[in-house]
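# With the sequence up front, the predicted model follows.
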Amino acid sequence: MSTVAELSTATLRDTVRTFRDAVHAHAVHLNHLNVYPVPDGDTGTNMARTLDAVVEEMDGADVDDHAATCDAISHGSLMGARGNSGVILSQILRGVASTLKQSPAAGADLVARAMRAATDGAYTAVLKPVEGTILTVVRLSTEAAEAAAAEGAHLSELLERARSAGQEALDSTPDILPVLKEAGVVDAGGAGFLLLLDAARTVVDGVPVPD
């Protein structure tokens, strides 16, 4: 598989669909990680249901219409958000879609800007942002993406660096939130977010989503 240099309408749609499928595949594991803010074991389920709504809305848009595709992702995210994790995820996706709407050929610079919009959206989705959660994972992934873009990295390298930084951030979440350390888990929402980067890497560079 050849590396994709820019996200087109088709590859954006493929990324969202691959993300949905990955979250469904990992939903049970994400549920087991869910101890914060409430140990109700539904983070994976809520993220999966949110993404089902996004894909359903996206499937109703013209596959060749970039603006309509981005609008569908945004609207499906807003209307389909389920639970706390779904609400945060919806704001992440809306930030990404609203930024990528600017061009049907999104290179590293625009993707980094989309990730910044996703981070800003995630932080505004909660009344009192708490570090050691999905917010930390999204923010540090974004900072790595921005640094990569500033250095002239191509899209594949940007995603690799964002994913690596996100994993480090996820691994650090128990050191930030005592409730995670006590339970011996990382943050469920943060783990779910990394599947978005995994999905993007699968579409852009053929890197398989982790088992």
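In hand now; what should we look at?

# Let me know the secondary structure of residue 2.
Using DSSP: H, G, I helix; E, B strand; the rest coil, the secondary structure recorded for residue 2 is coil.

# what pLDDT does it get?
Confidence at residue 2, expressed as pLDDT, is 71.

# Count the neighbours of it for me.
Other residues near residue 2 come to 6 when the count uses other Cβ atoms under 10 Å. Just so you know, the C-beta spots here come from the backbone N, C-alpha and C atoms, and that holds for glycine as well.

# what does residue 77 give?
28.

# Also residue 53?
20.

# For it, which residues are in contact?
76, 77, 79, 80, 81 (Cβ atoms under 8 Å, 6 or more residues apart in numbering).

# Also residue 77?
50, 53, 54, 89, 90, 91, 93, 94, 97.

# The third one belongs to a helix?
Yes. Applying three-state DSSP, one finds residue 54 inside a helix.

# so what's it up against?
Applying Cβ under 8 Å, 6+ apart, the residues contacting residue 54 are 16, 20, 72, 73, 76, 77, 80, 93.

# again, but for residue 114
Contacts for residue 114 were tallied using Cβ under 8 Å, 6+ apart; they are 95, 96, 99, 100, 106.

# This structure: strands as residue ranges?
Taking DSSP state E as the criterion, the chain contains no strands.

# can you pull out the helices in it?
Counting by DSSP state H, the segments of the chain that form helices are 9-33, 43-59, 66-80, 83-100, 108-124, 134-150, 155-176, 178-183, 188-205.

# Could you export the ones you listed as a markdown table, including mean pLDDT?
Below are these laid out as a markdown table (pLDDT from 0 to 100):
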| stretch | mean pLDDT |
| --- | --- |
| helix 9-33 | 98 |
| helix 43-59 | 98 |
| helix 66-80 | 97 |
| helix 83-100 | 97 |
| helix 108-124 | 98 |
| helix 134-150 | 98 |
| helix 155-176 | 98 |
| helix 178-183 | 96 |
| helix 188-205 | 98 |
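
# just to revisit the earlier point, dump the contacts of residue 53 to TSV, plus distance to residue 152.
Converted to TSV, the contacts of residue 53 look like this (distance: Cβ to Cβ, whole Å):
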residue	distance to residue 152
76	34
77	31
79	38
80	37
81	36
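
# Farthest pair within these?
76 and 81 (9.4 Å; Cβ to Cβ).

# more crowded one of those two?
Ranked by neighbour count (other Cβ under 10 Å), residue 76 and residue 81 place residue 76 first, with 27 against 24.

# List the contacts of the residue nearest to the more buried one when sequence neighbours are not counted.
Nearest non-adjacent residue to residue 76, counting by Cβ to Cβ, 6 or more residues apart in numbering: residue 57, 3.0 Å away. Applying Cβ under 8 Å, 6+ apart to residue 57 gives the contacts 72, 73, 75, 76, 79, 80.
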